[in-house]
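Novice: Based on what follows, work out the 3D shape:
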Amino acid sequence: MKVEKFFRDGGLKILAVAQLNPCECGIIFYLLNCSVSGLDEIVTTDSELASLMGYSEKDLRDAVVSLFEKQLLKVSRHAQATAQQTNPSLRLGLEYNIHKWQIKTMQKQDLTSSDALVFPFRRRGNVNLQMVEGDQNKYTPLYTNREPWQLILEKFIKNRELDQHEMEEAEEAAKVLADTHPLDQVLYCLKHFGGRIPNLSLLASSWQHYLEILENEVQNIDIGEARKKHVELDEELKQKALAQLESAANAPLLNDEEKTVLNIIIKHRHPRRQLYWALQAKERYPNLAAFFQENMSLMLSVTSSGQVIKRPYGDTSS
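Specialist: Presented below is the predicted three-dimensional model:
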């Protein structure tokens, strides 16, 4: 079904940031419900649909025109057969191809704190979002076009000081690991063991041994204790954001958007995820640079689909 592909392509997430008015949203969701029931189009009249949705005919017409201009709807009207036919039939259908949509994500020529929340839902793709020119590609993806062995090497040498000989050995071992094991597994092992892996050659030669240790340590995680720890870290970040905001009240260095970012972190159910989103647009919040740097270890990374990147319990590194 077309509607199933629409859901898989993230159509609902795009609608969430489309800044539609209530009447426009009502029309879209009414048509979505019809689609789920097997009706890709409906035939009705302005007065009938307006009465059904509780809006005036003028508001209904304005909403239909607006959605048509944004290319979210396919609309056609029956030709008036007689002069007395003042309310011709109306054929409505949702445009399921979200790549044809023309949606504005902003009403002014600058990013706002809300961008930190919505951009991760659809960072890449061909949806024709009318964003601020030149800012579309400022966000760094979790995986770049670098070779797998380069990602492994980069993860291993982080916070380490290697001489030239050690670097050459690490590079060779990283290539072996990339050729013989799944990239995600290698990166996860490096993240889990950290400094306990003295060199990549040892990880490559004792791979099975490290996997067994990893399995045992993961199985021994106390889920209740882990959940408690996450709550404590969330609260810690909220308190730090509140302290930053209160400090700004005494010495007003923050602009309105930076204060909004802090308020989002303070009030959100998942503040450490929101810190991650905010970091994607950190160049827009220069007065929060020190706050970001200080609290980066509390950040909880997530994928572009909103799923938390799993990390070992107790590891709060960025």
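
Novice: so Leu177, which of the three states?
Specialist: helix (DSSP: H, G, I helix; E, B strand; the rest coil).

Novice: again with Gly93
Specialist: Assignment for Gly93 (three-state DSSP): strand.

Novice: Could I get the contacting residues of the closest residue to it other than its chain neighbours?
Specialist: Of all residues not flanking Gly93 in the chain, Glu41 sits nearest, at 3.8 Å (Cβ to Cβ, 6 or more residues apart in numbering). Glycine gets a C-beta too; all of them are placed from N, C-alpha and C. By Cβ atoms under 8 Å, 6 or more residues apart in numbering, Glu41 lies in contact with Lys74, Arg91, Leu92, Gly93.

Novice: For His209, see how far away the nearest residue to the third one once chain neighbours are set aside is.
Specialist: This points to Leu92. Of all residues beyond its chain neighbours, the one nearest Leu92 is Ile42 (5.5 Å), with distances taken as Cβ to Cβ, 6+ apart. Counting by Cβ to Cβ, to the nearest Å, the separation of Ile42 from His209 is 63 Å.

Novice: go on, Arg77?
Specialist: According to Cβ to Cβ, Arg77 stands 72 Å off from His209.

Novice: next one: Glu69
Specialist: For Glu69 relative to His209 (Cβ to Cβ), the value is 63 Å.

Novice: And for Asn21?
Specialist: With the distance defined as Cβ to Cβ, Asn21 ends up 61 Å from His209.

Novice: what does Ser297 give?
Specialist: Separation of Ser297 from His209 (Cβ to Cβ): 29 Å.

Novice: Next: Pro148.
Specialist: Separation of Pro148 from His209 (Cβ to Cβ) stands at 22 Å.

Novice: out of those two, which sits in the busier spot?
Specialist: The residue with more neighbours, out of Pro148 and His209, is Pro148; 19 against 11, by other Cβ atoms under 10 Å.

Novice: was I right about that one contacting Pro182?
Specialist: No - contact between Pro148 and Pro182 fails when scored by Cβ atoms under 8 Å: they sit 9.3 Å apart.

Novice: Would you map out the domains in this protein?
Specialist: Domain assignment for the chain, taken from automatic domain parsing, gives 2-104, 148-219, 225-298.

Novice: Please tabulate the ones you listed in a markdown table, including the columns mean pLDDT.
Specialist: Putting the domains of the chain into a markdown table (pLDDT from 0 to 100) gives the following:
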| stretch | mean pLDDT |
| --- | --- |
| domain 2-104 | 82 |
| domain 148-219 | 88 |
| domain 225-298 | 84 |
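
Novice: Next secondary structure element downstream of the helix ranked longest in the chain?
Specialist: Counting by DSSP state H, the longest helix found in the chain is helix 223-250. Per DSSP states H and E, the first helix or strand lying C-terminal to helix 223-250 is helix 256-267.

Novice: Can you name every helix or strand that that next one contacts?
Specialist: Judged by 3 or more Cβ pairs under 8 Å, 6 or more residues apart in numbering; DSSP states H and E, the packing partners of helix 256-267 are helix 115-118, helix 223-250, helix 271-279.

Novice: I'd like to know which of these is closest to Met167.
Specialist: In terms of Cβ to Cβ, the element of those nearest to Met167 is helix 271-279, at 28.9 Å.

Novice: if I look at the closest residue to Leu242 other than its chain neighbours, how far off is Gln244?
Specialist: Nearest non-adjacent residue to Leu242, counting by Cβ to Cβ, 6+ apart: Ile266, 5.4 Å away. Going from Ile266 to Gln244 by Cβ to Cβ gives 9 Å.
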